[in-house]
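>>> Below are the sequence and a predicted model for it; my questions follow.
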Amino acid sequence: MGTILSSRVREDGKVIFEIVVSYDEALQLKGHMENVYIFSEQNSKIKTGISQRGKNDATKYFLIPKDYRNDLLFSKDVLCQCIDTKTKSAFIYLVNKNGYKPKENTNRN
């Protein structure tokens, strides 16, 4: 987990952040400095679950909350990555916008 030390708005409306993260977390970027997302654990408000199936519950499924399921199309590839910290694992799934159409006026915060 990191901390935003400072931020400032550029003339073009973009925001410049100065952040500090642990060395191990920085290594998880594997040198990639573009297409980086910033998110806060404190924005994760919707509870969901993990379903287990198969012999000895060997197969695990992340359940998609109802608020996110509307108009979800399953014909596109989904990418996943895991961000590990000392106390938690964050699983990030990337769904192409052509494969996901969010319900309008859904409050997801």
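Structure received.
>>> Give me the spatial nearest neighbour of the residue most central in space within the chain, chain neighbours excluded.
In the chain, the residue lying closest to the centroid (CA atoms, centre = their mean) is residue 92, at 3.9 Å. Once flanking residues are discounted, residue 92 sits nearest to residue 81: 5.2 Å by CB to CB, 6 or more residues apart in numbering. All C-beta atoms are positioned from the backbone trio N, CA, C, and that covers glycine.
>>> OK, contacts around the residue nearest to the centre of the chain?
Contacts for residue 92 (CB atoms under 8 Å, 6 or more residues apart in numbering) come out as 37, 80-83.
>>> Please pick the buried ones from these.
Among these, not one is classed as buried by 16 or more other CB atoms under 10 Å.
>>> sorry, back to before: part of a helix, is the residue nearest to residue 92?
No. Under DSSP: H, G, I helix; E, B strand; the rest coil, residue 81 sits outside any helix and is assigned strand.
>>> what's the offset of the one helix or strand in the chain whose mean pLDDT sits lowest from the middle of its chain?
The weakest-scoring helix or strand in the chain, judged by mean pLDDT, DSSP states H and E, is helix 66-69 (a mean of 80). Between the centre of helix 66-69 and the centre of its chain there are 15 Å (CA atoms, centre = their mean, to the nearest Å).
>>> Any stretches of the protein with poor pLDDT?
Residue ranges of the chain with pLDDT under 70: 71, 73-75, 97-109.
>>> which stretches of it form helices?
In the chain, the segments counted as helices under DSSP state H are 23-27, 66-69.
>>> okay if I get those helices as CSV plus mean neighbour count and distance to residue 16?
Shown next, in CSV, are these (neighbours: other CB atoms under 10 Å; distance: least, CB to CB, whole Å):
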stretch, mean neighbour count, distance to residue 16
helix 23-27, 11, 18
helix 66-69, 13, 31
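>>> Switch the ones you listed over to TSV; also include distance to residue 49.
Shown next, in TSV, are the helices of the chain (distance: least, CB to CB, whole Å):
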stretch	distance to residue 49
helix 23-27	26
helix 66-69	12
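>>> so where do the strands sit in this structure?
Assigned by DSSP state E, the strands in the chain fall at 3-9, 15-20, 50-53, 59-62, 78-84, 89-95.
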